[in-house]
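**Q** Here is a sequence together with a model predicted from it:
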Amino acid sequence: MQLTQEHEAVRTSVRSWVEDKVNPHADAWEAAGIYPAHEVMKSFGALGMIGVSKSEDWGGLGLDFSYAAVVAEALGASHSGGVALSLGVQTDMCTPALEKHGSDALRESFLRPAIAGDMVGCIGVSEPGSGSDVASLKTTARKDGGDYVINGAKMWITNGTQADFCCLLVNTGDGPAHRNKSLIVVPMKTRGVEVAKKIDKIGMRSSDTAQLFFDDVRVPQGNLIGQENMGFVYQMEQFQYERLWGALNTAAVLQRAIDCTIEYTRERKAFGRSILDNQWVHYRLAEMQAQLEALNALNWRGVEMVVGGQDATRLATMAKLMAGRLSREIADGCLQFWGGMGYSEESEISRIYRDVRLTSIGGGADEVMLRILTKFMGIGAD
């Protein structure tokens, strides 16, 4: 895909913002295990980048998805992967279905303030007993008068302790698992919503990740996104954006891993010469770079499909799978060249190593990506 000067202006703007608003605080936020989401989200919203590809009707810039892809890549400059992830949830994970299928009233109440950074959102899909297996979720919403009454639990919810609203995937019917689910917007201060705990993670430490309980939570039926029992379909559409965001952002972080490894190994000496002055190191880094270029080509082919109005599920799944595999191979390979310093908390590569490991798990594990791809190939088990 041919990027324009306008795309590069967006990239420059986001990178400058990251260097000014995120990186000076990254170490402190990582140590605290949380970052000030409302403050940072408001700043990012003021920059116009939360709604870069959202409609101008709701405060966005009205640009196509290729600009959102540039934002995802540019956030790879963040020295805190958790902050980038939190922003990605707001831009491309909890708001696409709300914009596409939500009523005007819902978009006015939740999408507009999310784009402005006045509200922080989260997406409630995974549960304690059903992570990547979306069809098996147990949380329910039954009608009572003009309300939905919601009961259940959600797990691994990014932004969960600070969010103002949750786009919640729940069972609203008794039919087939793919046709009995709905997306409902739940304000987090609603009675019966409980943040059970903040989960301590090995990586993405500055993004708060929560377990949520819903005990007879009442919300108006008007909080339904789109049609009832179409939530599984809407969430699968939304996964296109989530998985492409993850692959694009991971690729940018892995490029930073290669770049900082070249810089470090050029200065690090062993046996009378720099680590970089070894043919094996040259070849291995070159191989990593080639693999990363292949991922980027796949990523941007998927972006082109979205921009062209095509279903990019197959390409997004491939990109997510490849990004997950390379996140382990490249981060581990680069860390090895740092030696003992790579194993220390203070090195840039150690944080990258911990943060990108999530790529193979979040948004659907590698094994789920493979299962989806086999179905596209006509060789799946079901």
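**A** Yep, it's here.

**Q** Can you name the element that comes right after the helix or strand bottoming out on mean pLDDT in the chain?
**A** Ranked by mean pLDDT, DSSP states H and E, the helix or strand of the chain with the weakest confidence is strand 269-270, at a mean of 84. Per DSSP states H and E, the first helix or strand lying C-terminal to strand 269-270 is strand 273-274.

**Q** Which strands or helices does that following strand pack on?
**A** helix 231-267 (3 or more C-beta pairs under 8 Å, 6 or more residues apart in numbering; DSSP states H and E). All C-beta spots, glycine's among them, are computed from the backbone N, C-alpha and C.

**Q** Which stretches in the stretch 1-150 of the chain count as strands?
**A** Using DSSP state E, counting those that start in this stretch, the strands of the stretch 1-150 of the chain run over 121-124, 140-144, 147-158.

**Q** So which of those strands is nearest G333?
**A** strand 147-158 (27.5 Å; C-beta to C-beta).

**Q** I'd like to know which elements that closest one is packed against.
**A** helix 81-92, strand 121-124, strand 140-144, strand 165-171, strand 181-187, strand 209-220.

**Q** hmm, 10 Å instead?
**A** helix 81-92, strand 121-124, strand 140-144, strand 165-171, strand 181-187, strand 193-198, strand 209-220 (3 or more C-beta pairs under 10 Å, 6 or more residues apart in numbering; DSSP states H and E).

**Q** Contacts for the least confident helix or strand of the chain next, please.
**A** 275, 277-278, 339 (C-beta atoms under 10 Å, 6 or more residues apart in numbering).

**Q** If you rank those by neighbours, which is first?
**A** I275 (18 neighbours; other C-beta atoms under 10 Å).

**Q** nearest to Q310, of the helices and strands packed on strand 147-158?
**A** So among the helices and strands packed on strand 147-158, helix 81-92 is nearest, using C-beta to C-beta, at 17.4 Å.

**Q** how about stretch 213-222 as PDB, C-alpha atoms only?
**A** Listed next in PDB are the C-alpha coordinates belonging to stretch 213-222 (Å, rounded to 0.1, in the frame of the first residue of the first chain):
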ATOM      1  CA  PHE A 213     -18.200  -9.700  38.200                       C
ATOM      2  CA  PHE A 214     -21.800  -8.800  37.100                       C
ATOM      3  CA  ASP A 215     -24.500  -9.400  39.800                       C
ATOM      4  CA  ASP A 216     -28.000  -8.600  38.600                       C
ATOM      5  CA  VAL A 217     -26.700  -5.600  36.700                       C
ATOM      6  CA  ARG A 218     -29.500  -3.600  35.100                       C
ATOM      7  CA  VAL A 219     -29.000  -1.600  32.000                       C
ATOM      8  CA  PRO A 220     -31.700  -0.200  29.600                       C
ATOM      9  CA  GLN A 221     -32.400  -2.400  26.500                       C
ATOM     10  CA  GLY A 222     -31.500   0.700  24.500                       C
END
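
**Q** For that stretch, what does the pLDDT average out to?
**A** For stretch 213-222, mean pLDDT rounds to 98.

**Q** before we move on, what about stretch 65-85?
**A** Stretch 65-85 comes out at a mean pLDDT of 98.

**Q** same thing with stretch 232-246?
**A** For stretch 232-246, the per-residue pLDDT averages 95.

**Q** try stretch 374-381
**A** 88.

**Q** Touching it from outside, list them.
**A** 313-314, 317-318, 370-373, 382.

**Q** circling back: mind putting the helices and strands packed on strand 147-158 into TSV with distance to W245 and mean neighbour count?
**A** Shown next, in TSV, are those (distance: least, C-beta to C-beta, whole Å; neighbours: other C-beta atoms under 10 Å):
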stretch	distance to W245	mean neighbour count
helix 81-92	4	26
strand 121-124	12	28
strand 140-144	27	16
strand 165-171	15	26
strand 181-187	18	25
strand 193-198	23	15
strand 209-220	17	20
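
**Q** Look up which residues are beta-bridged to S274.
**A** Beta-bridge pairing of S274 under DSSP bridges involves K269.

**Q** Just list the residues touching it, thanks.
**A** Contacts of S274 (C-beta under 10 Å, 6+ apart): 264-268, 281.

**Q** now, the most widely separated pair of these?
**A** E267 and V281 (13.2 Å).

**Q** overlap in contacts of these two?
**A** 274-275.

**Q** As JSON lines, the strands of the stretch 1-150 of the chain with mean pLDDT and distance to N23 would be great.
**A** Shown next, in JSON lines, are the strands of the stretch 1-150 of the chain (pLDDT from 0 to 100; distance: least, C-beta to C-beta, whole Å):
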{"stretch": "strand 121-124", "mean pLDDT": "98", "distance to N23": "24"}
{"stretch": "strand 140-144", "mean pLDDT": "97", "distance to N23": "41"}
{"stretch": "strand 147-158", "mean pLDDT": "97", "distance to N23": "20"}
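
**Q** Can you list phi and psi of L276 for me?
**A** phi -70, psi -20 (degrees, to the nearest 10).

**Q** quick one, what contacts it?
**A** With C-beta under 10 Å, 6+ apart, L276 has these contacts: 261-268, 282, 285, 337.

**Q** what's the answer for R179, then?
**A** Applying C-beta under 10 Å, 6+ apart, the residues near R179 are 173, 229-233.

**Q** What separation is there between it and T172?
**A** 10 Å (C-beta to C-beta, to the nearest Å).

**Q** list the residues that contact both of these two?
**A** 229-231.

**Q** Which of the residues you listed lies at the shortest distance from F214?
**A** Looking across the shared contacts of R179 and T172 and measuring by C-beta to C-beta, the closest to F214 is G231, at 15.3 Å.

**Q** That closest one touches A97, doesn't it?
**A** Yes. Shown here, G231 and A97 form a contact pair, counting by C-beta atoms under 10 Å, at 8.3 Å.

**Q** Comparing these two, which residue is more hemmed in?
**A** G231 (31 against 25).
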